[in-house]
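Engineer: what shape does this take:
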Amino acid sequence: MLDKTFDAASVEPAIAKRWDEANAFAAGAGAREGAEPYCIVIPPPNVTGSLHMGHALNNTLQDILIRHQRMLGNNVLWQPGMDHAGIATQMVVERKLAEEGQNMSRRDMGREKFVERVWQWKGESGGQIFQQLKRLGASCDWSRERFTMDDGLSAAVLEVFVRLHKEGLIYRGKRLVNWDPQFETAISDLEVENKEVDGHMWHFKYPLAGGETYRYVEKDEDGNVIAEEERDYISIATTRPETMLGDGAVAVHPSDERYAPIVGKLCEIPVGPKEHRRLIPIITDDYPDPAFGSGAVKITGAHDFNDYQVAKRNGIPLYRLMDTRAAMRADGADYATCAAQAMQIARTGELPGEAEVDAINLVPDEYRGLDRFEARKRIVEAISAEGLAVTVANDEGESVPLVEAKKIMQPFGDRSHVVIEPMLTDQWFADAATLAAPAIASVREGRTAFVPKTWENTYFNWMENIEPWCVSRQLWWGHQIPAWYGPDGTVFVEKTEAEAADAARAHYGEGVELVRDEDVLDTWFSSALWPFSTLGWPEQTEALKVWYPTNVLVTGFDIIFFWVARMMMMGLHFMKDADGTPIEPFSTVYVHALVRDKFGQKMSKSKGNVIDPLELIEEYGADALRFTLAIMAAQGRDVKLDSSRIAGYRNFGTKLWNATRFAQMNGVARDPAFRPEDAGLQVNRWILTEFARTAQEVSTGIEQYRFNDAASAAYRFVWNTFCDWYLELLKPIFSGEDQSAKAETQACAAHVLDGIYAMLHPFMPFMTEELWRLTDKERETLLCHAEWPQPEFEDDDAASELNWLIELVSGIRSVRAEMNVPAAATAPLVVVGADDRTRDRLLRHDPAIKRLARVEDIIVESVVPAGSAQIVIGEATACLPLGGLIDIEAERARLQKAVGKVEKDLAKLEGKLANEKFLANAKPEIVAGEREKLEAARQESDSLSAALARLDELSSA
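Structural biologist: Below is the predicted model of the structure:
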């Protein structure tokens with residue numbers, strides 16, 4: 001006999017241990033002979049990571065797919081692995097060094113010893129998330145764990161980098177990148193958080209060269225002149241005055257008539273020593289918006305992504321102003337020399353090579369070495385003191401510099417939390433546009449499908465406007481780029497230093513000293529190879545032969561660009577069939593939504609609304625959390641997670657546990673000889689039919705990635721159909737004298753319970769595995785290897801009749817509840833308009849109807865009795881004469897009072913939500929809560945109105 005309760009905290013770890021000891025999740029475990037392969041590669045969590053709600057959802061959905069396929073008997077592999085997480089890991093280890101009181105930076109320690117220390121940390125503390133995933137129930141083949149820096153994956157990275165370089169698809173160049181001054185490295189867009197902060201917009205005058213003037217004319221939309229004056233300057237606005245030092249031009253829109261007289265002329269940057277003031281050209285470009293600000297934009301191509309594009313297409317020099325710590329440059333020649341070089345470029349329009357321009361340091365001597373924000377302060381003061389700030393009159397009529405306090409979007413490093421600087425640096429780039437073309441075609445032509453399909457638009461939008469991919473990072477933890485430089489800077493890219501030395505010898509005609517590139521590869525580079533590198537490539541392994549391509553990728557939408565697209569690019573470039581046709585790494589990309597808090601807000605530490613899945617597992621059990629995530633995972637809809645929902649689905653597990661216990665108390669036990677088609681009792685044929693339909697619905701839902709539909713179907717069948725109705729209908733059989741009926745029912749109930757355990761197993765693996773074991777100690781297999789239920793038995797007549805009975809009883813119960821009929825009160829049931837089939841059904845189910853619906857007698861009549869509540873069931877009308885059971889007027893008064901209260905609530909809620917001031921000022925979660933209250937109030941109003949309508953029917957009858 002089962003214990004009274006299921007103790008998830010103690011039982012779930014014990015079941016996990018049982019699976020582990022049985023090697024239950026090994027590749028191919030439980031597969032039938034000649035089974036089809038099925039493979040998912042896990043999105044590799046960071047080695048520094050711990051389980052968060054995104055991981056919990058992502059891995060729950062993958063596990064549902066994997067367990068379902070394993071139970072179908074397919075040759076399943078869920079490939080686990082971790083990412084080395086370059087910046088995050090380096091940060092953790094450097095912090096660890098500080099905590100240990102070593103007072104030593106990585107540079108003090110040196111590269112070799114620091115990397116050794118990182119490997120030591122990885123062995124001691126890294127990868128704890130795998131244990132947390134096991135606690136969640138993830139059924140990966142843990143024996144095949146991979147790491148993006150293990151020997152096999154490192155070999156794959158070398159192979160890919162060298163081949164792409166030799167094919168001209170990886171190259172070194174100088175481009176603008178996101179630069180993190182804290183870690184002194186380029187970072188990806190994914191590692192940048194754009195935040196709204198308080199900022200300022202300064203307005204400055206750039207004097208025209210030689211004191212030239214022009215007539216500045218401002219017009220309104222109708223062409224009427226609204227302002228006109230003689231000017232000897234052009235006005236610009238900036239939120240980053242320190243970047244003015246690197247301006248290469250001022251741009252205006254070609255259609256902007258205000259500046260037409262001065263296009264092509266030179267203007268002066270109003271900062272730095274007067275005798276060395278730089279002149280820059282005024283150009284036209286489509287980028288400036290004539291309606292925004294002054295309509296003139298300064299172009300600082302080395303420190304702004306938009307400016308970079310303008311500078312590149314107009315041949316404007318790119319002057320880098322900062323060092324790797326985002327301090328103003330202190331290298332190179334003195335300012336006078338550098339300013340003269342820049343002046344020569346401006347006057348001649350002849351643009352030198354990138355390296356020559358980059359060597360020009362245009363930071364005036366007095367600002368060199370300053371922090372960028374200190375330099376900003378001093379530059380603003382200097383310009384204002386010189387009278388070159390645009391001025392406005394204050395309230396006292398005094399002329400003051402025009403400075404707008406405004407909210408601005410500023411980029412921050414997601415780990416360093418410092419302001420990111422767009423920086424022109426030498427980096428390694430992949431030719432993403434060339435690599436993207438086959439990946440675009442694969443999705444366009446349907447070889448890889450996104451689910452939901454709408455995410456294809458996001459994919460295409462990025463892929464078809466793709467920029468070169470910066471694959472290098474200025475870190476020490478990662479795959480060091482296999483590039484060596486000769487004495488004259490010639491680069492040799494090979495897999496090993498020996499091969500590079502051979503290549504250099506062939507180039508120079510003699511052996512030379514080579515220096516290795518210090519940069520490492522972006523972590524996304526190694527994870528882009530994940531679907532095939534984890535299976536052993538570049539070796540042609542058996543695993544690669546069996547499980548590549550993989551079947552589905554389950555991922556979040558935020559890494560479609562950074563991971564999904566790049567896996568598509570790399571897979572199609574390197575993996576080909578015998579005919580040389582590229583092979584997609586997966587046929588389906590399932591994109592799940594975000595897990596938000598119960599108000600729909602994104603979880604963040606700053607908001608204090610982060611939900612820890614491990615805490616939820618400790619409180620409610622992994623099964624409850626998994627089932628909640630699955631039943632709420634509707635395609636394209638974010639999951640609003642509330643702990644009360646998890647508690648509710650824990651109750652669902654308790655319901656199944658108690659149902660099994662009740663069944664055991666009534667002699668229910670598995671009978672291997674039981675065959676559904678031999679069942680004689682209508683109630684058993686009905687439950688077998690409903691189970692067959694539900695099993696198919698659940699299977700279809702999983703296969704179509706409609707996890708919420710699959711979980712909902714299972715929930716309805718178990719809670720409502722099996723527990724609430726079937727077991728209730730069995731009570732007379734269990735307590736009756738018909739031993740044959742009892743034996744059939746005991747075997748049937750056991751058969752359906754076994755099916756329920758199997759059907760629920762992908763969602764709630766722990767409890768179902770335990771119930772499988774405890775209900776029959778002689779099982780031949782673990783539940784995770786049992787056959788997925790695929791029953792074909794259906795008896796439409798039995799299903800129709802029992803579902804009619806349920807509809808009738810439910811209708812009667814609903815009316816009694818609406819009319820507030822006392823629980824102990826009974827009334828006759830009068831059925832009007834019943835045909836012969838309904839009469840037979842009423843006769844057959846007379847005891848059940850009387851017991852379940854609290855009906856004292858069942859009468860078939862031709863006329864509706866006076867004072868009756870009516871329910872239409874098929875062709876007949878079921879009538880409950882309630883006039884003698886309730887005080888109609890008192891009930892009407894109660895309902896009208898309730899209606900009055902809910903109408904007041906509705907008016908209050910509707911008024912609040914129509915108030916623009918409330919909507920603008922209230923926190924989003926408060927607004928969401930009020931909208932939920934409004935919806936609940938409307939539903940209550942509808943229910944009360946229906947009850948009043950029934951009372952009116954009773955009064956008029």
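
Engineer: which neighbouring elements make contact with the longest strand seen in the chain?
Structural biologist: Determined from DSSP state E, the single longest strand within the chain is strand 192-207. When contacts are defined as 3 or more CB pairs under 8 Å, 6 or more residues apart in numbering; DSSP states H and E, strand 192-207 sits against strand 233-238, strand 266-268, strand 403-413. C-beta here means a position set from N, CA and C on the backbone, and glycine is covered the same way.

Engineer: check those strands for me: which has the lowest mean pLDDT.
Structural biologist: Lowest mean pLDDT of the helices and strands packed on strand 192-207: strand 403-413, a mean of 92.

Engineer: packing partners for it?
Structural biologist: Using 3+ CB pairs under 8 Å, 6+ apart: strand 403-413 touches strand 192-207.

Engineer: mind putting the helices and strands packed on strand 192-207 in JSON lines, distance to residue 880 and mean neighbour count included?
Structural biologist: Converted to JSON lines, the helices and strands packed on strand 192-207 look like this (distance: least, CB to CB, whole Å; neighbours: other CB atoms under 10 Å):
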{"stretch": "strand 233-238", "distance to residue 880": "77", "mean neighbour count": "21"}
{"stretch": "strand 266-268", "distance to residue 880": "90", "mean neighbour count": "22"}
{"stretch": "strand 403-413", "distance to residue 880": "64", "mean neighbour count": "14"}
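
Engineer: mind checking which of those strands is nearest residue 731?
Structural biologist: Residue 731 sits nearest to strand 403-413 of all those, at 64.4 Å, using CB to CB.

Engineer: next helix or strand past the closest one?
Structural biologist: strand 421-430 (DSSP states H and E).

Engineer: next, the buried residues of the next helix or strand along the chain from that following strand.
Structural biologist: Moving toward the C-terminus from strand 421-430, the next helix or strand (DSSP H and E) is helix 432-444. By neighbour count on 16 or more other CB atoms under 10 Å, the buried set for helix 432-444 is 432, 435-436, 439-440, 442-443.

Engineer: can I get helix 432-444 as CSV, trimmed to CA atoms?
Structural biologist: Written as CSV, here are the backbone C-alpha positions of helix 432-444 (Å, rounded to 0.1, in the frame of the first residue of the first chain):
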residue,chain,number,x,y,z
ALA,A,432,29.1,36.4,-41.9
ALA,A,433,27.4,37.6,-45.1
THR,A,434,28.9,34.8,-47.2
LEU,A,435,28.3,32.2,-44.5
ALA,A,436,24.7,33.4,-43.9
ALA,A,437,23.5,32.9,-47.5
PRO,A,438,23.0,29.1,-47.3
ALA,A,439,21.5,29.4,-43.8
ILE,A,440,18.9,31.9,-45.1
ALA,A,441,18.1,29.5,-48.0
SER,A,442,17.6,26.6,-45.6
VAL,A,443,14.8,28.4,-43.7
ARG,A,444,13.3,30.0,-46.8
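
Engineer: which elements pack onto it?
Structural biologist: helix 455-463, helix 565-574.

Engineer: and residue 502, which of those is closest to it?
Structural biologist: helix 565-574 (24.6 Å).

Engineer: mind exporting the closest one as PDB, just the C-alpha atoms?
Structural biologist: The C-alpha trace of helix 565-574 is given here as PDB (Å, rounded to 0.1, in the frame of the first residue of the first chain):
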ATOM      1  CA  ALA A 565      22.000  31.500 -36.800                       C
ATOM      2  CA  ARG A 566      25.700  30.800 -36.300                       C
ATOM      3  CA  MET A 567      25.100  27.100 -35.800                       C
ATOM      4  CA  MET A 568      23.200  27.200 -39.100                       C
ATOM      5  CA  MET A 569      26.100  28.900 -40.800                       C
ATOM      6  CA  MET A 570      28.800  26.600 -39.500                       C
ATOM      7  CA  GLY A 571      26.800  23.400 -39.900                       C
ATOM      8  CA  LEU A 572      26.000  24.100 -43.500                       C
ATOM      9  CA  HIS A 573      29.500  25.100 -44.300                       C
ATOM     10  CA  PHE A 574      31.300  22.100 -42.700                       C
END
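
Engineer: so what are the sheet partners of the helix or strand just after that helix and their directions?
Structural biologist: Past helix 565-574, further along toward the C-terminus, the next helix or strand under DSSP H and E is strand 586-592. Its sheet considered, strand 586-592 pairs with strand 449-451 (parallel), strand 550-556 (parallel) by DSSP bridges.

Engineer: just give me how far the helix or strand following strand 586-592 sits from the chain centre.
Structural biologist: Under the assignment DSSP H and E, the closest C-terminal helix or strand after strand 586-592 is strand 595-596. Between the centre of strand 595-596 and the centre of its host chain there is 9 Å, according to CA atoms, centre = their mean, to the nearest Å.

Engineer: which stretches of this protein have low pLDDT?
Structural biologist: Applying pLDDT under 70 to the chain picks out residues 883-895, 925, 943, 947, 950-951, 953-957.

Engineer: find the residue at the geometric middle of it.
Structural biologist: residue 556 (3.1 Å; CA atoms, centre = their mean).

Engineer: so what pairs up with that one in the strands?
Structural biologist: Residues in beta-bridge contact with residue 556 (DSSP bridges): residue 592.

Engineer: which ones are touching it?
Structural biologist: Taking CB atoms under 8 Å, 6 or more residues apart in numbering as the contact definition, residue 556 lies against 54, 58, 591-592, 594.

Engineer: again with residue 756
Structural biologist: 656, 691, 717-718, 722.

Engineer: buried subset of these, written for PyMOL?
Structural biologist: Here the buried members of the contacts of residue 756 are turned into a PyMOL selection, burial being counted by 16+ other CB under 10 Å:
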select buried, resi 656+691+717+718+722
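
Engineer: surely residue 13 forms part of a helix?
Structural biologist: Yes: per DSSP: H, G, I helix; E, B strand; the rest coil, residue 13 lies within a helix segment.

Engineer: who's in contact with the residue lying closest to it once chain neighbours are set aside?
Structural biologist: Counting by CB to CB, 6 or more residues apart in numbering, residue 13 lies nearest to residue 135, which is 7.4 Å off, once chain neighbours are set aside. Contact partners of residue 135, counting by CB under 8 Å, 6+ apart, are 12-13, 16, 614, 617, 622.

Engineer: now do the residue nearest to residue 22 when sequence neighbours are not counted against residue 823, distance only.
Structural biologist: Nearest in space to residue 22, with sequence neighbours left out and distances taken as CB to CB, 6+ apart, is residue 782 at 6.2 Å. Between residue 782 and residue 823 the distance is 45 Å, computed by CB to CB, to the nearest Å.

Engineer: and what of residue 154?
Structural biologist: Counting by CB to CB - residue 154 and residue 823 are separated by 72 Å.

Engineer: quick one, which of these two is more surrounded?
Structural biologist: Remark: of residue 154 and residue 823, residue 154 carries more neighbours, 16 against 7, as counted by other CB atoms under 10 Å.
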